[in-house]
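Undergrad: requesting a structural model of the entry that follows:
(one chain, ligands or ions: 1)
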Amino acid sequence: MAGEKNEGKLDVREWLRNMRASMLATVAYGKMDERLELKEAVSEALKHPVPRFANWTFCFGGMTFFLFVVQAVTGILLTMYYQASPDTAYESVKFIMNDVRYGWLIRSVHRWGAELMILMIFLHMGRVFFTGAYKHPRELNWIAGVFLLAITLLFGFTGYLLPWDQKAYWGTTVGTQMANNVPLVGNFIRRLLLGGDTVSGITITRFFSFHVIVLPMSITVFLMAHFAMIRKQGVSEPL
Ligand code: HEM
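TA: Predicted coordinates for the structure are as follows:
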C-alpha cells in the first residue's frame, strides 16, 4: 500500500511546509524585533551572572518557584475534570485516577509537588536565615517571604479538602477547630472558613475558590514583589 511504502522515508512536502513555517516565524520575529527591540530586552533580562559565592543552597528559592509552576500547570489540568461539590468531588477524583488518560499521573504529580514545594520553601527559608540574608536591606523581602509561606501553606490546607474523602473531611474539621483557639476572633475565623458551623457544601466551594482563584492571584503578586526586590538588591553574600 502507498502509506506503507513511504514509511520511514523523508516526506519532502512536509519538510518544505516546516521550513516555510520556521522562515515565516523568523521574518515575523524580525519585524517584531524591529519595533519592540525584544532581543535587547531579553538579553538584558538574562545577562545576570551568578555571583561566585553562590553555592547549591542558593537554588532552593528557584526550585520552590519551579515547583510552583508545576503545581499551576497540573492544577489547571485537574480543573478540567474536578467537580467541587459534596455529591461530585469524590467521584470526579476517582474518575481522574481511573479513567482520564494520564489523570493518575497529573494528580500524583500535583500531590507530590505540593509536599515538595513545602519542603523546598522551608529549605529556602533556612538558607536565607543561616546566611543572614534577611538582614538590612532585605528585611522587606523577608516579610514578602513570610506572606509567600502563609499562602503556600494555605494552598495545602484548602487543597486537602478537595478530594472530599474521610481524611479530607476530618482533617478540615480538626484544622478549622484549631482556628477556633485564636483569642477573640477564633470563632469568627472558623465560621468564615467553614461558611457555617460544620464542614459542608459551602466549605468545599469556598476552599475551591480560594485554592484556584484567591491564592494563585495573591501568590503571583507576592512573587513579583519578591523577584523585583531580588533583582534590585541582588543575592547577598553569606556572612
Ligand atoms: C513561593 C515561595 C518562594 C519562592 C518561589 C522564592 C524564591 C526566591 C528566589 C528564587 C530567591 C533568589 C535565590 C535564592 O536565594 O534562593 C529568593 C531570595 C530570597 N527569599 Fe525567597 N522565595 C520564596 C519564599 C520565601 C520565604 C518563605 C522567605 C522567608 C520568610 C523568603 C525570603 C527570601 C529572601 C530574604 C531572599 C533574598 C536572599 C538574598 O538576597 O540572599 N523567600 N527567593
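Undergrad: hey, which helix is longest across this protein?
TA: When the chain is parsed with DSSP state H, its longest helix is helix 103-130.
Undergrad: mind checking which helix or strand the residue positioned nearest the centre of the chain is in?
TA: For the chain, F68 is the residue whose C-alpha lies nearest the centre (C-alpha atoms, centre = their mean; 2.7 Å). Using DSSP states H and E, F68 sits in helix 60-79.
Undergrad: mind pulling up the pLDDT for E4?
TA: pLDDT, E4: 50.
Undergrad: same check on M1?
TA: Here, the pLDDT recorded for M1 equals 44.
Undergrad: still on that earlier bit, now for the residue nearest to the centre of the chain: which residues touch it?
TA: Residues counted as contacts of F68 (C-beta atoms under 8 Å, 6 or more residues apart in numbering) are M117, I219, L223. (C-beta placed from N, C-alpha, C; glycine too.)
Undergrad: please apply the same query to G234.
TA: P51 are the contacts of G234 under C-beta under 8 Å, 6+ apart.
Undergrad: any idea how many residues pack against G171?
TA: 15 (other C-beta atoms under 10 Å).
Undergrad: do V214 as well
TA: V214 sits with 14 neighbouring residues when counted by other C-beta under 10 Å.
Undergrad: cool, L36 as well?
TA: 10.
Undergrad: what's the spacing between it and V42?
TA: Computed as C-beta to C-beta, to the nearest Å, the L36 to V42 distance reads 11 Å.
Undergrad: just S200 next, same as before
TA: Counting by C-beta to C-beta - S200 and V42 are separated by 50 Å.
Undergrad: got it, and V70?
TA: 24 Å.
Undergrad: average pLDDT for stretch 175-184?
TA: 95.
Undergrad: make that stretch 14-27, sorry
TA: Stretch 14-27 carries an average pLDDT of 78.
Undergrad: up against the ligand, what does the protein have?
TA: Within the chain, the positions near the ligand by C-beta under 6 Å from any ligand atom are 58, 60-62, 64-65, 68, 121, 124-125, 128, 133-134, 138, 141-142, 145-146, 148-149, 152, 223, 226, 230, 235-236.
Undergrad: give the ChimeraX command for selecting the buried subset of those residues.
TA: Filtering these down to the buried ones (16 or more other C-beta atoms under 10 Å) takes a single ChimeraX command:
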select :58,60,61,64,65,68,121,124,125,128,133,138,141,142,145,148,149,152,223,226,235,236
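Undergrad: ok, V70 and V42, which is more surrounded?
TA: Taking other C-beta under 10 Å, V70 and V42 do not tie; V70 has more neighbours (17 against 11).
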